[in-house]
Structure formats: structure tokens, C-alpha cells
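S.K.: test case, fold it:
(one chain, ligands or ions: 2)
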Amino acid sequence: MDDGAAPPLVLVHCGWPADAELACRALGALGCACRVVGGADELQALLGGGPTDLMLADASAGLGPLGTLLAALDAHPEAGDLPLVLLADAADAPLLAGVLARSLHATLLTKPVTQAQFEAAVRAGLRYRAGRREVRRLLAELEGRVAERTAALAEANAALWAEIAARAALSRQLATAQEDERRRIARDLHDQTGQLLAGLALAVRAVADAGPLPAPAAERLADVRRVADELGRQVHELAVRLRPTALDDLGLEAALGQLAAEWSARAGVPVDFQAAGLEAGRLPTEVETVLYRVVQEALTNVAKHARAQSVSVVISRHGGSATAVIEDDGVGSDPIVLDHRGGRLGLVGMRERVSLVGGQLDIETELGRGTAIIARVPLAEGERGDGRG
Ligand SMILES: Nc1ncnc2c1ncn2[C@@H]1O[C@H](COP(=O)(O)OP(=O)(O)OP(=O)(O)O)[C@@H](O)[C@H]1O
Ligand SMILES: [Mg+2]
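M.R.: Ligands and ions are numbered 1, 2, ... in the order given. Next up is the predicted model:
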């Protein structure tokens, strides 16, 4: 028991001071320090906390000390952990069941008690106490480690989320910057290049109107005029494709109607275009742009891959989200895996655009059964257009 550490502390609770003295001497011989408990209050206070290792109680002096002990153990259920060595007269043993039941490690010694019995009981109690201490220390250590690890994980998690948020913000910024740039180039094309070409066409017409030209010159002039007209048309188309002014000026429904009509004329495939729920007000610019670009790329794909007889484009605002569905009756495809391999960017780009505004892209396709692209974007309260915002 002597390993250089403080000696184990034993509370001694006896009816008679002489018994307490005797007990302390025997405990001292075992290397223990003793604290003799004077009365009920002191016992309560000592059981409530402190470095006690074992309690030795002598119940043979009648029921007084026993009652005090019971009350103290009831007030401090955690002291049930404290090993108890109970000395009693054999005749009183049946009365001690209550005390014994409140202790997790109690040894009852009925008098007369031999030195060996006493020693064995005290040593067993102290071993139990040391074991409990070790378990508690290990538990605390474990809890500490778990807490440390949890904190480290939480920190790593927070950093990861912050990075994801930063990347999403950056991607959004890039998408916005790209649209702004397209808008600027589209305007420049329309307002500057377009005007110059219109001026050129007028000048050519003025030359033609100025008087009869020699036949070869008149022919060349007619060629120039055709080229100028064609250039004007192409510049206009390019500007619209870059950023249709209708999308900014008139809104998604008008811009998509225009896109569908022009695509249909170019591709020679009829488009059934429907819009629902958009009359209540404009969608956020970002959402309009995303849905417009999705429809644009989906129609390009139909022209490139589908060999469709007809296409339907439905755009709607309903139940807190805005949805675009582009469906064709073409050749369909095996399940389409979206990744950057193979350099196919259309659907991957679509999905990225949609997810940047918190939405989801679904592709339904089957060989011989056509393809449907469904883009759904959630709307904030004020953007739902159902009078609730
Ligand atoms: N409407 C469709 N009908 C049939 N197959 C389709 C349709 N849309 C897409 N696909 C298939 O999905 C593939 C991926 O489409 P995606 O738009 O990502 O790439 P792409 O059109 O081939 O090339 P990119 O768009 O990069 O110029 C296509 O190559 C095609 O096989
Ligand atoms: Mg494509």
C-alpha cells in the first residue's frame, strides 16, 4: 500500500470513541490515514466530496450511528461508490441490510473480528476504490480525447464549408461576370458593328440609286449589298445568341418564345412553347439567365443529337420553384453520365449553372424514347409570385 503516494484516507464512524481509537490504530498499521467523524453534519460534509478512500463504520453501539449513516448515504447517493466496512454484533446483522444495499462495495464483519478478517476487508475495499479511480481517470481521459477530436473535426468541417461557400460565391461571381461581359459584347455588336453595317448598306444603296453603273460594276455592287445584308443579319443573330435583349428588357417568357421560334425555323422542327405562372412578375435575373441558358443548350442538343419530330418547352413558376422542361421525341440515349471526360460540356455546364442557384438538373432519356431535361430552381419567399412574398 506504500508506493510513495499519500496514504489512503479512511473515515471512521464509531459509536464509542474508544472503538474509534482502536480502529485507527489497526488502520494505521495498514498504512492508512484516519479521520474520525464526530457527528452527523461532519459525516454529511465529508461524504459530499473530498479524497476519502474507505469508510469504516461500527454499528454495534446501537442504532444511533446507523441512522446517521443511513441519512448521510441517502443524501449522497454518489457515496455508494465509497467502499464500506461495517462492524456489527451478530445480533444486529439483520438490521444492516438497508445500509449494505446503499453501498456498491460493502463488507460486513460480525464481532468478534480477527485481525486477518479486518485486514482483508480493508484491503479489498481499498483495491475496489483504486480500481474505480482508475476507471474514472480513463473515462475522463477518453472523454477529453473525444472532445478534442470532435473539436478538431468541427473545425475542419467549418473550414471545409467555408471553402465550399467561397467557391460557390466565386463561381456565381464568374457566371455573373460572364453574363455581364456577354451583355456588353452583344450591345457593342448591336450598337456599333450593327450600326456601321447598316450605314454601309445605306451607302451601297445610295451608290446604286445615284445613277446607272456599267454592268460589271452594278453586279459587284449588288454582291457588296448582299454581303453587307448578310453580315448585318449574322451580327444581329450573334448578338441575340450572346445575350438576347429580350431577356433583359421583356423577361424570360418573351425571350424564350423568341428563342423557340427562331430555333424552330432554323432546325425545321416544330416547338410547342408554354409558360405558366410567370405573369405575376419577373424572376430574379440570375434565375432567368440560368433557365434561358438551359433551354438554349437543350435545344442545341436536340438539333445536334435527337433527330426529333417535335419538341416541347415548358417554363413555369409553381410551389416555390421555377422549372424548365425541354422534351423531345427523338432517338434518346443510353443513360447519360455527366462528367468532364470526353470534352462534352453542354449538360455538365447546365448542371453547374443550375446548382449555382441552388437548383437541380434531371435528365430522363431512353433509347428510342426521346429525352427530357428538367431544371428546377428554388425561389425565395419574395420571388414566388403567389402573393405570399
Ligand atoms: N436531346 C438529346 N437526344 C439524344 N441524345 C442527347 C440529347 N442531349 C444530349 N444527348 C447526349 O448526351 C451527350 C452529352 O451532351 P452534351 O450537351 O453534354 O455534349 P455535346 O452536345 O455532345 O457537346 P457540347 O455540348 O459540349 O458541344 C451528347 O453527346 C448526346 O450523346
Ligand atoms: Mg451539347
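S.K.: for the protein, name the helix or strand with the lowest mean pLDDT.
M.R.: Averaged element by element with mean pLDDT, DSSP states H and E, the chain has its least confident helix or strand at helix 63-75 (a mean of 79).
S.K.: may I have it exported as CSV, CA atoms only?
M.R.: Taking C-alpha atoms only, helix 63-75 is exported to CSV below (Å, rounded to 0.1, in the frame of the first residue of the first chain):
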residue,chain,number,x,y,z
LEU,A,63,-28.9,2.3,16.2
GLY,A,64,-27.8,5.9,16.6
PRO,A,65,-24.7,5.8,14.4
LEU,A,66,-26.5,3.5,12.0
GLY,A,67,-29.3,6.1,11.5
THR,A,68,-26.8,8.8,10.9
LEU,A,69,-25.0,6.7,8.3
LEU,A,70,-28.3,5.9,6.5
ALA,A,71,-29.3,9.5,6.3
ALA,A,72,-25.9,10.5,5.0
LEU,A,73,-25.9,7.8,2.3
ASP,A,74,-29.4,8.8,1.2
ALA,A,75,-28.3,12.5,1.0
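S.K.: may I have the strands that pair with the next helix or strand after that helix, each with its orientation?
M.R.: Downstream of helix 63-75, the next assigned helix or strand under DSSP states H and E is strand 84-88. The pairing partners recorded for strand 84-88 under DSSP bridges are strand 54-58 (parallel), strand 106-110 (parallel).
S.K.: what's the helix or strand for the residue in the stretch 101-250 of the chain positioned nearest to ligand 2?
M.R.: Here the residue of the stretch 101-250 of the chain nearest ligand 2 is Arg241; by Cβ to the ion that distance is 14.4 Å. C-beta: built from backbone N, CA, C; applies to glycine. Assessed by DSSP H and E, Arg241 sits inside helix 215-242.
S.K.: that helix packs against which elements?
M.R.: helix 115-188, helix 194-210 (3 or more Cβ pairs under 8 Å, 6 or more residues apart in numbering; DSSP states H and E).
S.K.: show me where pLDDT drops low in the stretch 201-350 of the chain?
M.R.: Filtered on pLDDT under 70, the stretch 201-350 of the chain yields the residue ranges 338-343.
S.K.: the closest residue to ligand 1 within the chain: neighbour count?
M.R.: As assessed by Cβ to the nearest ligand atom, ligand 1 sits closest to Gly346 within the chain, at 2.2 Å. Neighbour count of Gly346, defined by other Cβ atoms under 10 Å: 16.
S.K.: that one contacts Thr300, doesn't it?
M.R.: Yes. At 6.9 Å, Gly346 counts as touching Thr300 under the criterion of Cβ atoms under 8 Å.
S.K.: before we move on, the earlier item: what sits against the residue of the stretch 101-250 of the chain closest to ligand 2?
M.R.: Gln296 (Cβ atoms under 8 Å, 6 or more residues apart in numbering).
S.K.: all further residue positions should be reported with the first residue as 32.
M.R.: With the count now opening at 32, the last piece we talked about shows up as Arg272.
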